[in-house]
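J.: how would this look folded up:
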Amino acid sequence: MSDRITYMEKKELPDAVFGLPERREYPMPDAAHVRAAEAYFRYCPEQLRPKLAKAILERAKEFGVDVESPVILSYAGQ
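T.: Have a look, this model is predicted:
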């Protein structure tokens, strides 16, 4: 998978790989996209940030990505 996900590729991804599955936003099918979700975290609506932060940490653990952002860690309650 390349750095960019096409519309068709995104459409085929299971809900479970999205940081916000109900909105199908912040896809994280691999380590590169976990890092991208971390980078774009600031654009997430305030009320959804705790949920996204927890999803980023879960997916990061799966792919062996170290999340060091104090903002994400604080929203996740870490």
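
J.: Please make it C-alpha for all contacts and neighbour counts, starting now.
T.: Fine.

J.: May I ask which helix or strand of the chain has the lowest mean pLDDT?
T.: Between all helices and strands in the chain, the lowest mean by mean pLDDT, DSSP states H and E belongs to helix 7-12, at a mean of 93.

J.: Give me the contacts around it.
T.: Here helix 7-12 makes contact (CA atoms under 8 Å, 6 or more residues apart in numbering) with residue 27.

J.: That one: which residues count as buried?
T.: Buried residues in helix 7-12, counted by 16 or more other CA atoms under 10 Å: residue 10.

J.: For the nearest residue to residue 31 once chain neighbours are set aside, give its distance to residue 48.
T.: Using CA to CA, 6 or more residues apart in numbering and skipping the chain neighbours, the partner closest in space to residue 31 is residue 63 (5.5 Å). The gap separating residue 63 from residue 48 is 23 Å, by CA to CA, to the nearest Å.

J.: neighbour-wise, which of these two wins?
T.: residue 63 (15 against 12; other CA atoms under 10 Å).

J.: ok, residue 22 - how many residues close by?
T.: By the criterion of other CA under 10 Å, residue 22 has 9 neighbours.

J.: how far away is the nearest residue to it once chain neighbours are set aside from residue 24?
T.: Distances taken as CA to CA, 6+ apart place residue 15 nearest to residue 22, at 7.7 Å, with adjacent residues excluded. Distance, residue 15 to residue 24, by CA to CA: 7 Å.

J.: Kindly report the same for residue 42.
T.: Counting by CA to CA - residue 42 and residue 24 are separated by 17 Å.

J.: Please say which of those two ends up with more neighbours.
T.: residue 24 (16 against 12).

J.: any low-confidence regions in the protein?
T.: 1-3 (pLDDT under 70).

J.: which residue ranges form the strands in it?
T.: For the chain, the strands defined by DSSP state E cover 18-20, 25-27.

J.: right, so of those, which gets closest to residue 67?
T.: Of all the strands of the chain, strand 18-20 sits nearest to residue 67, with 14.5 Å by CA to CA.

J.: Tabulate the CA atom coordinates of whichever helix in the chain runs longest in PDB.
T.: For the chain, the helix that runs over the most residues, judged by DSSP state H, is helix 49-63. Only the C-alpha atoms of helix 49-63 are listed here, as PDB (Å, rounded to 0.1, in the frame of the first residue of the first chain):
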ATOM      1  CA  ARG A  49     -10.200  13.600  20.300                       C
ATOM      2  CA  PRO A  50     -10.300  11.200  23.200                       C
ATOM      3  CA  LYS A  51     -11.700   8.400  21.000                       C
ATOM      4  CA  LEU A  52      -9.200   9.100  18.200                       C
ATOM      5  CA  ALA A  53      -6.300   9.300  20.700                       C
ATOM      6  CA  LYS A  54      -7.200   5.800  22.100                       C
ATOM      7  CA  ALA A  55      -7.500   4.400  18.600                       C
ATOM      8  CA  ILE A  56      -4.200   5.800  17.500                       C
ATOM      9  CA  LEU A  57      -2.500   4.200  20.500                       C
ATOM     10  CA  GLU A  58      -4.200   0.800  19.900                       C
ATOM     11  CA  ARG A  59      -3.200   0.800  16.200                       C
ATOM     12  CA  ALA A  60       0.300   2.100  17.000                       C
ATOM     13  CA  LYS A  61       0.800  -0.800  19.400                       C
ATOM     14  CA  GLU A  62      -0.200  -3.300  16.700                       C
ATOM     15  CA  PHE A  63       2.400  -1.900  14.300                       C
END
